[in-house]
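A.B. asks: Model the following, please.
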Amino acid sequence: MSIIQEFKTFASRGSVVDLAVGVIIGAAFGKMVTSLVNDVLMPPIGFLLGGVDFSNIVLTIKDASANVPAVAMRWGVFINTIIDFIIVAFVIFMVVKAMNTLTRKPPAPAAEPTEKKCPECLMTIPIGAKRCGHCTAVLK
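C.D. replies: Purely as a prediction, here's the structure:
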């Protein structure tokens, strides 16, 4: 089988298409969550904390000089990204939980018994027996 045939077989599987759709929707969802965090959630949180804009919080390690830009750790952006991740992880958890609930199969009904115990000798005998094959007791 040529490599082109193998690739064609791989690409035509349903799971590959499902994965591609999931990645595209996930990327769009990620953009929505990023906007939610940066534009909706963080401004009120910053306001409650005294007008802090988290995206501008930096720790400058070395100031800028002539042709060299400043070296800074932008930990405010990191906080936004952590909140972003927590929201995405929680929503994905809820979606997976909902899907598992919807696709859960009901438990199989218990099978009808095919054997019973003899009341005299307590040996196992067929459910429809009229006499025990071990002790010959007549069964009701």
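A.B. asks: Go through the protein and flag its longest helix.
C.D. replies: Looking across the chain with DSSP state H, the single longest helix is helix 75-103.
A.B. asks: Just the buried positions in that helix, please.
C.D. replies: G76, I79, N80, I83, D84, I87, V88 (16 or more other C-beta atoms under 10 Å). For every residue, glycine as well, the C-beta is placed using N, CA and C.
A.B. asks: Now render those as a markdown table, adding distance to G51.
C.D. replies: Compiled in a markdown table, these are given as follows (distance: C-beta to C-beta, whole Å):
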| residue | distance to G51 |
| --- | --- |
| G76 | 13 |
| I79 | 16 |
| N80 | 16 |
| I83 | 18 |
| D84 | 22 |
| I87 | 23 |
| V88 | 27 |
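A.B. asks: for those, which one is nearest S55?
C.D. replies: G76 (5.4 Å; C-beta to C-beta).
A.B. asks: Neighbours of K116, how many?
C.D. replies: When neighbours are defined as other C-beta atoms under 10 Å, K116 has 13 of them.
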